[in-house]
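Engineer: got a structure for you, letters missing:
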C-alpha cells in the first residue's frame, strides 16, 4: 500500500470512528459514571472486536457475506437485541455512583445515597466483555471493513500485510477516538454531579441504546422479509 493510499484510508477510517454509534455512547457513559481507568477497559474490548473482525475479513468473510447476505441481517438482529438489553440494564440499575463522580452523598441530600449510590461498579472484565459484544455485533463496523478494505487494496502488492496495516490503523484510530470521548466525559463529570442531571443523563443514554437497538432490529427484519 502506497503512502498516499494509506493516508486516504486513514481519513476514511477516522471519519467512521467519529460517527455516532453504540461504541461512542458506551465510552461516554463509562467515562462519565466510572472514570477514565475503567472506560479504557471498555475501549480495549471494542478495539479487540475490530481486530477480530478485521482478521475475519482478511480470511475470507467478505466472500461469505457476499454469497450469504442474510449474515448481515442476523448480525443486525443480534446487535439490536443486545443494545435493547443494555438499555434495559441501564434503565433498571443505572451506572451512577456519587463515589465514582467524586461527590459526597451528603451534599445532595439525606435520601440521595440510598437512591443512587447503591449500584455496584462493574468489573474490568465485565466492561471489556460488554464492549467486545457491542463491537462484534455492530454491523456498521463490519460493513465498513467489508466495503473499504478491498477498495484500498493494492493488487500489485502482497495482500496480507495490507490487511494487517489497515486493521491496525483502524484499531489505533478507534482507540484514540473512544478514549477521547471518554476523557471528555470525565472532564465534564464534575459539572454534572447534581442528582437531577445524573438521572437525566441515565435516561438519555437509555433512550440512545433503545433507539440504536430498534433501528438495527428494524433493518434486520426488513432485509429478511424482502
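Structural biologist: The structure has been received and is ready for your questions. Worth saying up front: this structure is predicted, and the values here are computed from it rather than measured.

Engineer: does the most centrally placed residue in the chain sit in a helix or strand, and which one?
Structural biologist: Centroid check for the chain by Cα atoms, centre = their mean gives residue 23 as the closest residue, at 1.4 Å. Element membership for residue 23, per DSSP states H and E: helix 22-34.

Engineer: The closest residue to the residue nearest to the centre of the chain other than its chain neighbours is in what secondary structure piece?
Structural biologist: Excluding the flanking residues, the one nearest residue 23 by Cβ to Cβ, 6 or more residues apart in numbering is residue 46, at 5.0 Å. To be clear about C-beta, it is placed using only N, CA and C from the backbone, and glycine gets the same treatment. Applying DSSP H and E as the criterion places residue 46 in helix 36-56.

Engineer: Name the residues that touch that helix?
Structural biologist: Here helix 36-56 makes contact (Cβ atoms under 8 Å, 6 or more residues apart in numbering) with 23, 26-27, 30-31, 61, 121-122, 124-125, 127-136, 138, 141-142, 145, 149, 163, 166-167, 170-171, 174-175, 178-179, 182-183, 185-186.

Engineer: Now which of those would you call buried?
Structural biologist: Those of the contacts of helix 36-56 that meet the buried threshold are 23, 26-27, 30-31, 61, 122, 127-128, 130-136, 138, 141-142, 145, 149, 163, 166-167, 170-171, 174-175, 178-179, 182, 185-186, by 16 or more other Cβ atoms under 10 Å.

Engineer: Which ones among those residues map onto helices?
Structural biologist: Mapping these onto helices (DSSP state H) picks out 23, 26-27, 30-31, 127-128, 130-136, 141-142, 145, 149, 163, 166-167, 170-171, 174-175, 178-179, 182, 185-186.

Engineer: in the helix holding residue 46, what counts as buried?
Structural biologist: Buried residues in helix 36-56, defined by neighbour count with 16+ other Cβ under 10 Å: 36, 38-51, 53-54, 56.

Engineer: Quick one: work out the angle between the helix or strand containing residue 204 and helix 22-34.
Structural biologist: Taking DSSP H and E as the criterion, residue 204 maps to helix 195-225. Angle, helix 195-225 to helix 22-34, by axes from the mean of the first three to the mean of the last three Cα atoms, to 10 degrees: 160 degrees.

Engineer: Quick one: list the elements packing against helix 195-225.
Structural biologist: helix 22-34, helix 70-92, helix 112-116 (3 or more Cβ pairs under 8 Å, 6 or more residues apart in numbering; DSSP states H and E).

Engineer: what about 10 Å?
Structural biologist: helix 22-34, helix 70-92, helix 98-101, helix 112-116, helix 139-151, helix 159-189 (3 or more Cβ pairs under 10 Å, 6 or more residues apart in numbering; DSSP states H and E).

Engineer: angle of the fifth one against helix 70-92?
Structural biologist: Relative orientation of helix 139-151 and helix 70-92, computed by the same axes, to 10 degrees: 140 degrees.

Engineer: And the first one, by the same measure?
Structural biologist: Interaxial angle of helix 22-34 relative to helix 70-92 (the same axes, to 10 degrees): 20 degrees.

Engineer: If we ignore the residues flanking it in sequence, what's nearest residue 50?
Structural biologist: Closest residue in space to residue 50, ignoring its immediate chain neighbours: residue 171 at 5.0 Å, by Cβ to Cβ, 6+ apart.
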